[in-house]
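Asks: no sequence on this one, just coordinates:
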């Protein structure tokens, strides 16, 4: 399992650099991390589907807290702070970043397209 050796947050660009022990570096936007938070609030409870988190384009990271030698807790500017980003989870996000981001963008587009639709009921 890959381990994180360093994290660095760029507050202007709102990008978190995550350095792994295999010499790779992942770059995650704060928005990406917020909408993919490992918290139950985002991931759902039990067998619930993953929640669609909207309007997080401007969110930043206010604080990074180490949790043992296996995770970090990110405190976002919208006060979301539940969910631990373990080294394993950050590695999964790195490996699947493009696919996860595309799936998220598709879900947002589908939501936007359907939010104003109103079913029409004809009554004779």
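Replies: Thanks, I have the structure now. What you see is a predicted model; the values in this text were computed from it and never measured.

Asks: tally of neighbours for residue 73?
Replies: Residue 73 has 14 neighbours, counted by other C-beta atoms under 10 Å. Backbone N, C-alpha and C define where each C-beta goes, glycine included.

Asks: residues in contact with it?
Replies: Contacts for residue 73 (C-beta atoms under 8 Å, 6 or more residues apart in numbering) come out as 64, 65, 67, 81, 83, 84, 85.

Asks: and residue 65, that one's in a helix?
Replies: No. The assignment for residue 65 is strand, going by DSSP: H, G, I helix; E, B strand; the rest coil, so no helix is present there.

Asks: In the protein, where's the longest helix?
Replies: What stands out as the longest helix in the chain, according to DSSP state H, is helix 87-114.

Asks: Which elements pack onto that one?
Replies: Taking 3 or more C-beta pairs under 8 Å, 6 or more residues apart in numbering; DSSP states H and E as the contact definition, the neighbouring helices and strands of helix 87-114 are strand 15-20, strand 25-29, helix 30-35.

Asks: Now the two most distant members of the contacts of residue 73.
Replies: Using C-beta to C-beta, the contacts of residue 73 span at most 13.2 Å, a distance reached by 64 and 83.

Asks: quick one on the thing from earlier: show me just the buried residues among the contacts of residue 73.
Replies: Among the contacts of residue 73, those buried by neighbour count (16 or more other C-beta atoms under 10 Å) are 83, 84, 85.

Asks: if we can go back for a sec, out of the contacts of residue 73, which one has the lowest pLDDT?
Replies: Lowest model confidence among the contacts of residue 73 falls on residue 83, which carries 85.

Asks: on that earlier part again, quick check: neighbours shared by residue 64 and residue 83?
Replies: Shared contacts of residue 64 and residue 83 (C-beta under 8 Å, 6+ apart): 73, 74.

Asks: Out of the buried ones among the contacts of residue 73, flag the one nearest to residue 109.
Replies: Ranking the buried ones among the contacts of residue 73 by separation from residue 109, with C-beta to C-beta as the measure, puts residue 83 on top at 25.0 Å.

Asks: and the spatially closest residue to residue 11 that is not a sequence neighbour, what pLDDT?
Replies: Computed as C-beta to C-beta, 6 or more residues apart in numbering, the closest residue to residue 11 that is not its neighbour in sequence is residue 60, at 6.6 Å. On the pLDDT scale, residue 60 is placed at 96.
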